[in-house]
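Asks: The sequence and its predicted three-dimensional model are supplied below.
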Amino acid sequence: MKIAVIGGAGYIGSHVVCELLDFGHEVFVYDNLSSGLRQNLFKEASFMHGDILDIPKLNEFFEEFKPEGIVHLAALKAAGESMLLPEKYSTHNITGSLNILNAASKHGVKHIVFSSSAAVYGSPKYLPMDEKHPTEPENYYGYTKLAIEQYLEWYKKLKNINYASLRYFNAAGYDTKGRVSGLEQNPANLIPIVMEAAIGKRAFVSVFGNDYETPDGTGVRDYIHVSDLARAHRMAFDKLQKDGESFIVNLGVNSGSSVLEVIEATQRISGKKVNYQITDRRAGDTATVLANPAYAKDFLNWQAECSDLNTLLSTTWQAYLKNFVPYTPCSK
């Protein structure tokens, strides 16, 4: 299948490209490299530098490569920033996605796999969270993802474009074969921040609250290995082609790790001290977030295979070692 990966030079996108190539798909990458890296491009995949807000360039991409399917991963994703700069998120996430949908409609694309988020749910009303959980996003980023899902449903009805919306929980880890090593730029998620502290790029990790109702008082999150995510994208295309039925699925493992567990495991794996400071809770943070991935298993025949904490952290540490030389004091 000829598949366009929009945002394919980014952290998740590059892993999706790798997975699709492994299974014989013809892959085309469209990326503005604002957060993606040339380092993450594969020579087996064609590449065009372009922005989803540039409608003529986007149409040029579709005209040149004529994809049969699209993976849409191009989005701004900092939840806190989205509350301060909603205009920026409206333009890039919503307008950009509509540009992609319009180009897909114009060029006869019938399958779209969309990178959505557990942020569409908001605070858990129950755990683990399944696809029937109320969608009440608590930040504007989450709202943009929900809005795009709604647009996808309309384009399915009006333009016969089938879609799969994959609601990620917390993506982490790197390709277990080391084929992707370009690091996220300005990370906002816990694991890369902890890695930066271990490698010496930052002085300490801020732990936002240690008085939650969890075993060690720190927040617990459901982490999923990016290679497991990538596999789900490939399987989603298989399902769309076979059944022609649009669907929404959670991608998680229904097992969580706390902030302190991540820090302690990183110290063990890296052999480096990770300094941290306990600070006040952040507004909007909850004690525990866990996915219910049962529907993905039943409907998509997907389940996580490498999302244990050791694999998540060890593959990430190896990627950081490729990009940084840890500081070692001179001996006297």
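Replies: Yep, it's here. Numbering: from 1, shown residues only.
Asks: The helix or strand containing residue 238: which residues count as buried?
Replies: Here residue 238, judged by DSSP states H and E, is contained in helix 226-243. Applying a neighbour-count criterion of 16 or more other CB atoms under 10 Å, one finds 226-237, 239-240 buried in helix 226-243. (C-beta placed from N, C-alpha, C; glycine too.)
Asks: What lies in contact with that helix?
Replies: 1, 3, 11-12, 15-16, 18-20, 23, 25, 69, 71, 111, 113, 162-164, 166, 168, 171-176, 245-247, 249, 251, 296, 299-302, 304-307 (CB atoms under 8 Å, 6 or more residues apart in numbering).
Asks: Now the element after that helix, going C-ward?
Replies: Downstream of helix 226-243 (by DSSP H and E), the next one is strand 247-251.
Asks: any weak-confidence spans in the stretch 1-150 of the chain?
Replies: Of all residues in the stretch 1-150 of the chain, none has pLDDT under 70.
Asks: picking up where we left off before, just the ones of the contacts of helix 226-243 in helices?
Replies: Residues of the contacts of helix 226-243 located in helices (DSSP state H): 11, 12, 15, 16, 18, 19, 20, 296, 299, 300.
Asks: Residue 3 touches residue 30, doesn't it?
Replies: No - with contact defined as CB atoms under 8 Å, residue 3 does not reach residue 30; the gap is 11.3 Å.
Asks: and the angle for the top helix by length along the chain with strand 247-251?
Replies: Criterion DSSP H: the longest helix present in the chain is helix 140-159. Interaxial angle, helix 140-159 versus strand 247-251 (axes from the mean of the first three to the mean of the last three CA atoms, to 10 degrees): 150 degrees.
Asks: re the thing from before, can you turn the buried part of the contacts of helix 226-243 into a PyMOL selection?
Replies: Command for PyMOL that selects the buried part of these, burial taken from 16+ other CB under 10 Å:
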select buried, resi 1+3+11+12+15+16+18+19+20+25+69+71+111+113+162+163+164+166+168+171+172+173+174+175+246+247+249+251+296+300+302+304+306+307
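Asks: List the buried residues for the strand or helix carrying residue 198?
Replies: According to DSSP H and E, residue 198 maps onto helix 190-199. Residues of helix 190-199 classed as buried: 190, 191, 192, 193, 194, 195, 196, 197, 198, 199 (neighbour count, 16+ other CB under 10 Å).
Asks: same thing with stretch 25-34?
Replies: Across stretch 25-34, burial judged by 16+ other CB under 10 Å covers 25, 26, 27, 28, 29, 30, 31, 32.
Asks: what does stretch 90-101 give?
Replies: Buried residues in stretch 90-101 (16+ other CB under 10 Å): 90, 92, 93, 94, 96, 97, 99, 100, 101.
Asks: you'd agree the last one is in a helix?
Replies: Yes - if the criterion is DSSP: H, G, I helix; E, B strand; the rest coil, then residue 101 is within a helix.
Asks: Confirm for me that residue 50 is in contact with residue 64.
Replies: No - at 10.7 Å, residue 50 and residue 64 do not qualify as touching, with contact defined as CB under 8 Å.
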